[in-house]
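K.L.:
The sequence and its predicted three-dimensional model are supplied below.
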Amino acid sequence: MILSIESSCDDSAVAITEIATNKLLFHKKISQEIEHSVYGGVVPELAARLHAEALPKILEQCEPYFDKLKAVAVTSSPGLAVTLVEGVTMAKAVAVALDIPIIGVNHLIGHIYSLFMEKETTFPLTVLLVSGGHTQVMEVKNLREIETVAKSMDDSFGESFDKVAKMMGLGYPGGPLIQELAKDGDRLAYNFTVPLHQSPLIAFSYSGLKNAVRLAVEEAGEDKEKYKDIAASFEHIATKHLTMKLKKYFKSHPPKTFAIVGGASANLYLREQIKELLKPYGAKLILSELQYCSDNAAMIGRVGVDMYKEGMFSSLEELNISPKSKL
């Protein structure tokens, strides 16, 4: 079995995955959303302290599996430096105590593998990763061959939702809150400009849209009814930006199998629009189960299984955290 640890941001999670079957035997996650919501976003130092409290408590529950562990997999990049170090430090302690190898996992690859929980992998595929920290399109041939073909120039898709929610005083995380508010709004009420709509670049940008929304929120003042229309219009344009750039990319790279992963892939409007976008291409759309869209240790364990089989281990001395992704 593989023990896996995730602490890249504000979720403390540990999982146990069976190597032979990919079966998830244990998975527990402790969220910090309540603690961070009063600040409207994640406070790194607070997150690190909460990880230091939560991770050992979850690990204690895994003791019955210790004699069957073959390796420990841990998120080592990307993420917040002060939170990554909590998970990696615990993983190294487990590796030394149980005399088992350690596997450093890229968190973004973890999101790709959230598609394959308790399943075999099915490559190649084109992946749209949308989360609080990343917005990028990747061509995935296999575990070792992953090419990023487009990414955000500034804010990510998920981050823009968090910031718009903060502008409205809704709390954190913003994605589900904006989605709920948008349900009763008019998506065409505000004619926000689609970012980079005249640019030939296949890239993403949300800073301009975020600023336009800020002005609309300020103009609305205390009129909370207008917030519904602002949320709906924002969600519509933020998603349209993605689909327009994907359509441009598909002209030269028509998709066969397409996937959406990451915390923001749980957005139902985004899922609907991507389904419509893929129809002319006859492409297959695969999605993670909603419970595995956000950060979790189960997806890290699933990557860990394949990395274990391919002998992709790290040495204790060389395994260091890397806040920025190399993908």
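P.N.:
Cool, the structure landed. All values reported here derive from a predicted model rather than from experimental measurement.

K.L.:
Now Asn211: which helix or strand?
P.N.:
For Asn211, the host element (DSSP states H and E) is helix 207-220.

K.L.:
Tell me which other helices or strands that helix touches.
P.N.:
Counting contacts by 3 or more Cβ pairs under 8 Å, 6 or more residues apart in numbering; DSSP states H and E, helix 207-220 packs against helix 157-167, helix 224-250. C-beta: built from backbone N, CA, C; applies to glycine.

K.L.:
Identify all contacting residues around it.
P.N.:
Helix 207-220 is contacted by residues 154-155, 160, 163-164, 167-168, 190, 192-193, 195, 226-227, 230, 233-234, 237-238, 241 when judged by Cβ atoms under 8 Å, 6 or more residues apart in numbering.

K.L.:
buried sites along that helix?
P.N.:
Neighbour-count burial for helix 207-220 flags Leu209, Lys210, Ala212, Val213, Ala216, Val217, Ala220 (criterion: 16 or more other Cβ atoms under 10 Å).

K.L.:
Kindly report the same for stretch 135-152.
P.N.:
Under the neighbour-count criterion of 16+ other Cβ under 10 Å, stretch 135-152 has Thr135, Gln136, Val137, Met138, Val140, Leu143, Ile146, Thr148, Ala150, Lys151, Ser152 buried.

K.L.:
Quick one: residues contacting the fourth one.
P.N.:
When the contact criterion is Cβ under 8 Å, 6+ apart, the partners of Met138 are Ile112, Thr126, Val127, Leu129, Ile146, Glu147, Thr148, Val149, Leu327.

K.L.:
burial measure for the fourth one, as a count.
P.N.:
Taking other Cβ atoms under 10 Å as the neighbour definition, Leu129 ends up with a count of 26.

K.L.:
could we number from 41 for the rest of this?
P.N.:
Fine by me, first position is 41 from now on; the one you just mentioned is Leu169.

K.L.:
That one belongs to a helix?
P.N.:
No. Using DSSP: H, G, I helix; E, B strand; the rest coil, the secondary structure at Leu169 is strand, not a helix.

K.L.:
Quick check: it touching Gln176?
P.N.:
Yes. Between Leu169 and Gln176 there is a contact at 5.2 Å, judged by Cβ atoms under 8 Å.

K.L.:
Tell me how far Thr297 lies from Ala337.
P.N.:
As judged by Cβ to Cβ, to the nearest Å, Thr297 and Ala337 stand 26 Å apart.

K.L.:
of all the buried residues of stretch 175-192, which comes closest to Lys324?
P.N.:
Using Cβ to Cβ, Val180 is the member of those that lies nearest Lys324, at 14.1 Å.

K.L.:
surely the closest one meets Leu169?
P.N.:
No. Under the criterion of Cβ under 8 Å, Val180 is not in contact with Leu169, lying 10.3 Å apart.

K.L.:
what touches both of the two?
P.N.:
Ile152.

K.L.:
Just checking, which helix or strand of the chain averages the lowest pLDDT?
P.N.:
The weakest-scoring helix or strand in the chain, judged by mean pLDDT, DSSP states H and E, is helix 73-77 (a mean of 91).

K.L.:
Show residues contacting that one.
P.N.:
The list of residues contacting helix 73-77 from outside it, by Cβ under 8 Å, 6+ apart, reads Asp50, Val82, Val83, Leu86, Ala87, Leu90, Gly211, Tyr212, Pro213.

K.L.:
what number of residues lie near Ile143?
P.N.:
Using other Cβ under 10 Å as the criterion, Ile143 is surrounded by 27 other residues.

K.L.:
right, I mislabeled it, should have said Glu265
P.N.:
9.

K.L.:
in this protein, which residue is closest to the centre?
P.N.:
Per Cα atoms, centre = their mean, the C-alpha nearest to the average position across the chain is that of Gly302, at 3.0 Å.

K.L.:
For Leu327, see how far away that one is.
P.N.:
Here the criterion is Cβ to Cβ. By it, Gly302 lies 11 Å from Leu327.

K.L.:
Helix 264-290 and the helix holding Asn251, what's the angle between them?
P.N.:
Our comparison of helix 247-260 with helix 264-290, counting by axes from the mean of the first three to the mean of the last three Cα atoms, to 10 degrees, yields an angle of 170 degrees.

K.L.:
starting at the chain centroid, how far to helix 247-260?
P.N.:
Between the centre of helix 247-260 and the centre of its chain there are 25 Å (Cα atoms, centre = their mean, to the nearest Å).
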